[in-house]
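Peer 1: Mind folding the following:
(chains A and B)
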There are 2 protein chains.
Amino acid sequence: MSRAAPQSSELWSKSWDRSDPRASRQAIRGGAYTGYTAGIAPGFVQANICILPAKWAEDFLLYCQRNPRPCPLIARSDVGDPRLPTLSDDLDIRTDVPRYHIFRDGTFVEEVTDIHSYWRDDLVTFALGCSFSFEEALQEAGVRLKFLERNNVAAVYVTNVDTVPAGPFKGPLVVTMRAFTPADAIRAVQITSRFPNVHGAPVHLGTPGSIGVDLSRRYLDVGDPEVADDELPVFWACGLTPQLAVKNARPPLCITHAASSMLITDLRNASLAVL
Amino acid sequence: MSRAAPQSSELWSKSWDRSDPRASRQAIRGGAYTGYTAGIAPGFVQANICILPAKWAEDFLLYCQRNPRPCPLIARSDVGDPRLPTLSDDLDIRTDVPRYHIFRDGTFVEEVTDIHSYWRDDLVTFALGCSFSFEEALQEAGVRLKFLERNNVAAVYVTNVDTVPAGPFKGPLVVTMRAFTPADAIRAVQITSRFPNVHGAPVHLGTPGSIGVDLSRRYLDVGDPEVADDELPVFWACGLTPQLAVKNARPPLCITHAASSMLITDLRNASLAVL
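Peer 2: Coordinates of the predicted model:
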C-alpha cells in the first residue's frame, strides 16, 4: 500500500475550486486528491497532524506546552473523536489528509490515503501550526522566498539543541532554513513574530555552526540549502521536531500526515496574527 | 570657550533627584550639570537636538520625513519659540541641554552650555528620538548590552548608503552597531520594532561590508567595536545622520546638542511603544 509522492501532473488532474478549503478537503476525502497541499486554499491555515493513543496524549500535550516554537498546538481532539470542530465543522481526520504515515513502535510501516482501518476509540488527534502560514505572510509583504522560485521548500536540519522532554517524548530541535538579505531577514523577524501559532519568530540566524548545523547536511535531503553571498541563513523551529520526539518515544501506534501533505483547515492565516 | 567632555567624577559632583526629569533639567539649566545624560532620569525619553534658522526649517523637516529611521522627529518648535510643550511644560531649549555645539556654515565653532547669546527670533528647534530609549527597553527584556558593561557606547559608522535628499540636506546614513548573540539579535529586532520614534528596527545585521562598513574604522572613534565569535553585528540608523546632512547643507547657523549630552524630556520611553 505504500506509495510514492505524486507527480506534479497529478496535482492538477482533478477539478474543484482550489481556493475553497471545504471543497479541497472534500476532494481529498473522496480520494480525488492525494498530493501536496502547498498552493491549495491559499489564505487558510494548514496543519501538521499527529495521532496518538490516549495513554500517550497527556505527555505529548505537555511536550507541546514545553516546546511551543516547534510544536505550536492549534487544536486537540476529544478522545476517539475524529472531528476537530475548532478548525472546521466539516472535517474528519480519518479521511481529510491527502496521505498519512503509519508508525508502529516508532518505526514507519506504510503510507495510506485513509486511516479508517487504523482508527480506534482511544485515538487523540493533535493539529500543529505549519510554516506555510508565515511564508504566505512573508510573500504578501514582498519578502522574497527564493526556494519557492526554484520550486523547492525550505531546507531542513537537525540541530544540536535539545527540546525540553516530557515523559517519553524528547529529542533535538529540528529547524527549517530560509536565506534572506539582511534587510529581509529583519523584516522576516518582524512578520513571523506576529504568528506564534505557526512557529513564530526565528530561533537563530547567521552562524549555522553555533546550533550544530552544517548547511550541506540536510535532514532527509529536504529543501533548498542555497545561501547567496549577500544573504544570511535564518532558522525557524520546524514541525518535524515532534515527529522525531514521537520516534524516540516509540508509541505502539502513531499516525502523522506525510511531509508537505497537510490538513487544510477553515481558519484564515490572518486570524492567527497576534498583532 | 570650547571644553572637553566632563570626567565621570563630575557627573556625580552635584546633588539633585536624578530620577526626576524636571529636577535634572533644572540642574542643567542652572549650570550645575554639564555632563553626559546617560543614566539620568531613567525611563524618560532623551532627544537629539538640531536648531536651524526658519529659512532652512522646511527642507530639514522634509529631510526628516523622508528619512524617518535616522531622523525620527518627536517635536518641532514654533519659529522663535524656545519651548517644546509636547515634551515638557517646563523646558527652555536655550538652557536645558548640558552642552551645545555651534556650527556656522557647516563648520564647528565652539561648545557652550547656554545658547542665549546665539538665540534669534527666527530659530526653529527639532527634537529627534535617540537610541537610549530602546537600549533601556532591551535591558529591561534581559538582552545583554556588553558595551555598557565596558562603560562604552555603541560604535558609530558611516555607511555607503545614501539618505534621501531634501533641498540642501543630504549625505550618507550613519549607523550604530551593537553586537548580540543570534537569539538576542532576533529579540532585539522584536523589541526595537516597537519603537519607531527612536530609530525602530535595525537597518542591517550580519555582513558589515554590504553597507560599506569596516568594523575597525569607526566614525570619530566613537564606541565599542567588539564583536565576539558567537555574536553578530546589528546596525541601527543613528541620529548623527542628520548632523552630517546639516554639515553638508552649510546653513549660516546650526546648534546641536554635544554627543551623549541630550535633552531630557518628561515623556516616558514606554509611551513611545507602538505595540
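
Peer 1: From here on, just use CA atoms for contacts and neighbour counts.
Peer 2: Noted.

Peer 1: And the helices in chain A, which stretches?
Peer 2: Taking DSSP state H to define them, one finds helices in chain A at A:8-11, A:21-29, A:54-66, A:132-140, A:146-149, A:182-193, A:240-249.

Peer 1: Would you mind saying which of the ones you listed lies nearest chain B?
Peer 2: helix A:182-193 (5.5 Å; CA to the nearest CA).

Peer 1: near chain B at all, that closest one?
Peer 2: Yes. For helix A:182-193 and chain B, the contact criterion (CA under 8 Å from any CA of the partner chain) is met by A:182, A:183, A:186, A:189, A:190, A:193.

Peer 1: what number of residues lie near residue A:32?
Peer 2: Residue crowding around residue A:32 was assessed by other CA atoms under 10 Å in any protein chain shown; the count is 18.

Peer 1: Residue A:92 now?
Peer 2: Using other CA under 10 Å: residue A:92 sits among 17 other residues.

Peer 1: Now do the same contact list for it.
Peer 2: By CA atoms under 8 Å, 6 or more residues apart in numbering or on different chains, the contact set of residue A:92 is A:82, A:83, A:84.

Peer 1: For chain A, give me the ranges with low pLDDT.
Peer 2: Scanning chain A for pLDDT under 70 picks out A:1-14.

Peer 1: try 50
Peer 2: For chain A, residues meeting the criterion pLDDT under 50 lie at A:1-5, A:7-11.

Peer 1: Show me which residues of it sit near chain B.
Peer 2: A:182-183, A:186, A:189-190, A:193, A:201-207, A:210, A:230, A:232, A:275.

Peer 1: now the strands: where do they sit in the stretch 1-150 of chain A?
Peer 2: In the stretch 1-150 of chain A, the segments counted as strands under DSSP state E, counting those that start in this stretch are A:44-53, A:73-76, A:100-104, A:107-112, A:123-129.

Peer 1: okay if I get those as a markdown table plus mean neighbour count and distance to residue B:76?
Peer 2: What follows is these, written out as a markdown table (neighbours: other CA atoms under 10 Å in any protein chain shown; distance: least, CA to CA, whole Å):
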| stretch | mean neighbour count | distance to residue B:76 |
| --- | --- | --- |
| strand A:44-53 | 25 | 46 |
| strand A:73-76 | 20 | 48 |
| strand A:100-104 | 20 | 63 |
| strand A:107-112 | 16 | 67 |
| strand A:123-129 | 24 | 47 |
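
Peer 1: Taking the stretch 1-150 of chain A, what residue is nearest to chain B?
Peer 2: For the stretch 1-150 of chain A, CA to the nearest CA, closest residue to chain B: residue A:69, 13.3 Å.

Peer 1: doesn't residue A:193 make contact with that residue?
Peer 2: No. With contact defined as CA atoms under 8 Å, residue A:69 does not reach residue A:193; the gap is 11.0 Å.

Peer 1: which neighbours do those two share?
Peer 2: By CA under 8 Å, 6+ apart, the residues touching both residue A:69 and residue A:193 are residue A:200.

Peer 1: Could you dump the residues of helix A:182-193 next to chain B into JSON lines with neighbour count added?
Peer 2: As requested, these are arranged in JSON lines below (neighbours: other CA atoms under 10 Å in any protein chain shown):
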{"residue": "A:182", "neighbour count": "23"}
{"residue": "A:183", "neighbour count": "15"}
{"residue": "A:186", "neighbour count": "22"}
{"residue": "A:189", "neighbour count": "24"}
{"residue": "A:190", "neighbour count": "23"}
{"residue": "A:193", "neighbour count": "23"}
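
Peer 1: For stretch A:107-119, give me every contacting residue.
Peer 2: A:1-3, A:31, A:34, A:94-103, A:247, A:250, A:258.
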